[in-house]
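model the following, please.
(chains A and B)
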There are 2 protein chains.
Amino acid sequence: MSAKYVWLAELLKNLIEEQSGSIFKLPTEAVLCKKYGVSRQTVRKALSVLEEGHLIEKRQGSGSYTTGLSDRAEKNTAAILMYSDTEYIYPGLLTDIRNTLQKQGFSSTVYVTGNQVSKEREVLEYLLAHPVRGIISEGCKTAFPTPNRDLYQRLLEKGVSVLFLGGNYTNLPDFPFIKDDNYEGGYFLGKYLVSLRHKKIAGIFKSDDIQGPERCYGFLSALRDESVTFQEENICYFDTAKLSALQEKHDTSFLSDFITRQLGESTAVICHNDEIAYWLIKEFIYKNLRVPEDISVVCFGSSYLNELSPVSITSLSHSRHETGTAAAEALVTLMKGVYVPARKIPWKFHKRQSSCACR
Amino acid sequence: MSAKYVWLAELLKNLIEEQSGSIFKLPTEAVLCKKYGVSRQTVRKALSVLEEGHLIEKRQGSGSYTTGLSDRAEKNTAAILMYSDTEYIYPGLLTDIRNTLQKQGFSSTVYVTGNQVSKEREVLEYLLAHPVRGIISEGCKTAFPTPNRDLYQRLLEKGVSVLFLGGNYTNLPDFPFIKDDNYEGGYFLGKYLVSLRHKKIAGIFKSDDIQGPERCYGFLSALRDESVTFQEENICYFDTAKLSALQEKHDTSFLSDFITRQLGESTAVICHNDEIAYWLIKEFIYKNLRVPEDISVVCFGSSYLNELSPVSITSLSHSRHETGTAAAEALVTLMKGVYVPARKIPWKFHKRQSSCACR
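Next comes the predicted model:
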């Protein structure tokens, strides 16, 4: 008797394995009894084994469905490619992604890229040799077409699910992504500052990630629609090298240069994120400029840095855990063979101390 | 008698004018005689008037066709939006465009943008109020989506033909353009240097025009296909502000910084154009580095600066007058209501003194 249900459980496991992670309904108990010439008790015990192994789940009134997980633990793994695992928003974001994956039965490994295309290439080559079920990638220097296009496509052909998070590449247009609604965010912040009667508004954006150009485009479009002349010389772009110097050595020279050379008579600044806003406000204070009395500061995103800021920063943000959870859930869906559309996460606006009406 | 042919000529002029510049065949002389109840001599004299005014042209064995020109001189005008009318390749390029337009009966006005989106906006607003038949625009900061999308679209709706030259905007994908084959050029130069056994190759590209990312993408793709590890930290991006400082004040500090901080152990450099290559070679000589013995230099494009260089520069280039002539001819075609496909002008390679095999 025991041999029979173990045999049936193994047989069903193999059938599920062959479907490589997709979700489908198992035949009814009656059909299984008939097909394999076993008793209903044997079928039930075999299904229990599968259920305990998280390979199937019972749905009330509908029967048993596969979960998309494999019986082999090494197949229930995902890779996460991120700029950092220690800086800024990354520890929290990674925790949200990994917890959500874990709940769905997937373990995950984090690969730190430092936003280096060459490092991303190394990781992707490793993953081609040591396949995972899925990849969440932030992309590296997504403002530019990626020379790693070939590897992403080969991974896809091998059946690896790929989801871009935060940034996406123009030369991989068919890959699903989840990112901020950068254009709408920039547009909103631009309109907000104009509504406070600011007419000269500066901006600081990241040049080598797609977020920067998209946020700046939204910002400039808002000024255009409000008939506010572009203050183009007041727009500063910084790159990954400058950001790393800021994070590793607290080197704020590009922010200091921005204030000296590009700020001009601006009465407000839009910052790429709250990390930039945090350091910029410190520079303003150091230079005896008052925020918001002399200059308003607004930004995209809100992290612990906002709480550390001497002046709390007016910002756009998402619900806590929203981005990481959404990304992990989307990857799990992809890994189960279901299409996931590209998605832009809308912003919530929080007025804080750092902005006021132009005097 | 004289009154009659003058009357017929005026009538035909108005008919041609109503078709606003498109090319079509006139009815035969016999048909015109019958339709307007005049003698063949009257028809011939009227057609002569139109021909002298460049409104129609006779085609051997086929009859008379309109030329696409208007009887009103102010309607046969085109606008040209360029970064500069004095620097670098621009005087020559503008001369080629304007001469070609002139030969086809179109006068042209040049508007200098300094690659400023705000200046481009001013010009486009002026052109909406003072329409021309066509516009050749280099675009401003084409690496980014343009907030002037609205004005280009309104000009198009007003019947103004628009051709982008050199750069094109990602958020105006349906507008025709003529540009260099940037990707293939970068790919070729990358392969060329690898064939000379260079394994550590640096690059300098413009960040805010689409040419820069496209050329760099071709370069990195060649290294990838040759299994040469990216030397990503050796890639330098400069923007319009740095280029202006170079042109106006001969401020080469970003090139000096590049050599000190980013060149590393590279044995070759790919430059965005021969202007950058020219100044970089001067910096190398100043720093006692020999070109090509210590370091090879190659670039896109070849202008008078190549001739002024102490070491002649290995480069990609086009035939003399090719780009300007092609752009003007494409615009004339567009203004006559004929579709012009987007076109990438291929490069010719010229080995000169500045490159040699890696030792």
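
what are the phi and psi values at the nearest residue to A:Ala357 once chain neighbours are set aside?
Closest residue in space to A:Ala357, ignoring its immediate chain neighbours: A:Leu196 at 4.5 Å, by Cβ to Cβ, 6 or more residues apart in numbering or on different chains. C-betas here are computed from N, CA, C, even on glycine. Main-chain torsions, A:Leu196, degrees, to the nearest 10: phi -90, psi 20.

swap in the one 10 residues further on?
Its backbone dihedrals place A:Lys206 at phi -80, psi 130, with angles given as degrees, to the nearest 10.

if I look at it, how far off is chain B?
Applying Cβ to the nearest Cβ, to the nearest Å, the value for A:Lys206 to chain B is 12 Å.

check A:Lys25 too.
Taken as Cβ to the nearest Cβ, the span from A:Lys25 to chain B is 44 Å.

now do the contacts for that residue.
With contact taken as Cβ atoms under 8 Å, 6 or more residues apart in numbering or on different chains, A:Lys25 is in contact with A:62-65.

top of those by neighbour count?
In terms of neighbours by other Cβ atoms under 10 Å in any protein chain shown, the contacts of A:Lys25 top out with A:Ser64 at 19 neighbours.

nearest spatial neighbour of that residue, skipping sequence neighbours?
A:Leu26 (4.3 Å).

how many neighbouring residues does that neighbour have?
That count, for A:Leu26 with other Cβ under 10 Å as the rule, works out to 19.

those helices in chain A, which residues are they?
All helices of chain A, identified by DSSP state H, fall at A:2-18, A:29-36, A:40-52, A:90-103, A:117-129, A:149-157, A:182-195, A:211-225, A:240-249, A:253-257, A:274-286, A:304-308, A:322-335.

quick check: pLDDT value at the residue nearest to A:Ser64.
Here the pLDDT value assigned to A:Leu26 is 89.

from A:Ala46, how far off is it?
10 Å (Cβ to Cβ, to the nearest Å).

joint contacts of the two?
Going by Cβ under 8 Å, 6+ apart, residues that sit against A:Leu26 and also against A:Ala46 are A:Leu12.

just to revisit the earlier point, how about the contacts made by the residue nearest to A:Ala357?
Going by Cβ under 8 Å, 6+ apart, A:Leu196 touches A:268, A:296, A:355-358.

buried subset of these?
Neighbour counting with 16 or more other Cβ atoms under 10 Å in any protein chain shown marks A:268, A:296, A:355-356, A:358 as buried within the contacts of A:Leu196.

my guess is A:Glu17 meets A:Gly68, correct?
No - counting by Cβ atoms under 8 Å, A:Glu17 does not reach A:Gly68; the two are 11.7 Å apart.

skip the chain neighbours and tell me the closest residue to A:Ser22.
The shortest distance from A:Ser22 to any non-neighbouring residue, by Cβ to Cβ, 6+ apart, is to A:Gly337 (4.0 Å).

count the residues that sit near that neighbour.
With neighbours defined by other Cβ under 10 Å, the count for A:Gly337 comes to 15.

shouldn't A:Asn182 be in contact with A:Gln211?
Yes - between A:Asn182 and A:Gln211 there is a contact under Cβ under 8 Å: 5.3 Å.

mutual contacts of those two, please.
A:Phe300.

who are the contact partners of the residue lying closest to A:Gly186 once chain neighbours are set aside?
Excluding the flanking residues, the one nearest A:Gly186 by Cβ to Cβ, 6+ apart is A:Gly218, at 2.6 Å. Contact analysis of A:Gly218 by Cβ under 8 Å, 6+ apart lists A:182-190.

which one among those gets closest to A:Tyr90?
A:Asn182 (18.6 Å; Cβ to Cβ).

from B:Glu138, how far out is the closest residue to A:Phe254 other than its chain neighbours?
Distances taken as Cβ to Cβ, 6+ apart place A:Lys242 nearest to A:Phe254, at 4.8 Å, with adjacent residues excluded. Noted for A:Lys242: a distance of 28 Å to B:Glu138, by Cβ to Cβ.

of those two, who's got more company?
Using other Cβ under 10 Å as the criterion, A:Lys242 and B:Glu138 rank with B:Glu138 on top: 23 against 17.

for that one, give its distance to A:Leu69.
Distance from B:Glu138 to A:Leu69, by Cβ to Cβ: 55 Å.

over to A:Cys271?
42 Å.

higher neighbour count, those two?
A:Cys271 (28 against 23).

and that one, what are its bridge partners?
A:Ile204, A:Cys299 (DSSP bridges).

contact partners for it?
A:203-204, A:277, A:280, A:297-300.

list just the nearest of these to chain B.
A:Gly203 (12.1 Å; Cβ to the nearest Cβ).

my guess is the closest one contacts A:Glu233. True?
No - contact criterion Cβ under 8 Å: A:Gly203 and A:Glu233 do not qualify, at 11.2 Å.
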